[in-house]
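Undergrad: the amino acid sequence is not available; the structure is as follows:
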């Protein structure tokens, strides 16, 4: 079987370089880390034979990883459970998702200001016409390094700073223990005729 003359990965975009760096810092598993390393070595113009020797893999495996990356981008680094089905979350999905998460939904025309996994699924469906499940969206967000945090109610913008300062001062003073009253020692004197008064 003849193979194409592809021996190196295509030129990496800034987004792809960022994703590769993220995978080195926080790889989801050893196999993805290994593939990312092969792609990085290939982008540095190292040959297939040299990469195969360094990673102790066959040349055909390295060639296939490079070919898949050239076709599908970052998504090719993740091992799919069904190899026959092309991954839905390709480079365009990652780029659109990263842009959406860094933006306020209201600025993108939505009637809300906080993203959820379900809302991001709907956003990707509208923008790219790609249907993802909520669980897949959560996995992608995890791979990209995002964590979901429940927003906390904050009313600081409705508080008067002077009143807040006064309330804190009063609270601090209330917590302080009152100074104990001085101890008074009473002496009892007995008086006898022709004697001096001495304490008994």
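TA: Received, thanks. This one's a predicted model, so the numbers in the text were calculated from it and none came from an experiment. Residues are numbered from 1 along each chain as shown.

Undergrad: and residue 42, how close does it get to residue 8?
TA: Distance check for residue 42 against residue 8: by Cβ to Cβ, to the nearest Å, it reads 5 Å. Just so you know, the C-beta spots here come from the backbone N, C-alpha and C atoms, and that holds for glycine as well.

Undergrad: ok, the spatially most central residue of the chain - contacts?
TA: Nearest to the geometric centre of the chain sits residue 146, at 3.4 Å (Cα atoms, centre = their mean). Listed by Cβ atoms under 8 Å, 6 or more residues apart in numbering, the contact set of residue 146 reads residue 101.

Undergrad: that's a helix at it, yeah?
TA: No: under DSSP: H, G, I helix; E, B strand; the rest coil, residue 146 falls outside any helix and is assigned coil.

Undergrad: where in this protein is pLDDT low?
TA: By pLDDT under 70, the low-scoring segments of the chain are 1-6, 79-89, 148-158, 177-200.

Undergrad: could you pull out the strands in the protein for me?
TA: Here the chain has its strands, by DSSP state E, at 189-190, 198-199.

Undergrad: now do stretch 111-130: distance to the chain's middle.
TA: Once both centres are worked out by Cα atoms, centre = their mean, to the nearest Å, stretch 111-130 turns out to sit 19 Å from its chain's centre.

Undergrad: give me the contact list for that stretch.
TA: Residues outside stretch 111-130 that contact it (Cβ under 8 Å, 6+ apart): 88-89, 92-93, 96-97, 100-101, 104-106, 108, 110, 131-134, 137-138, 141, 148, 151.
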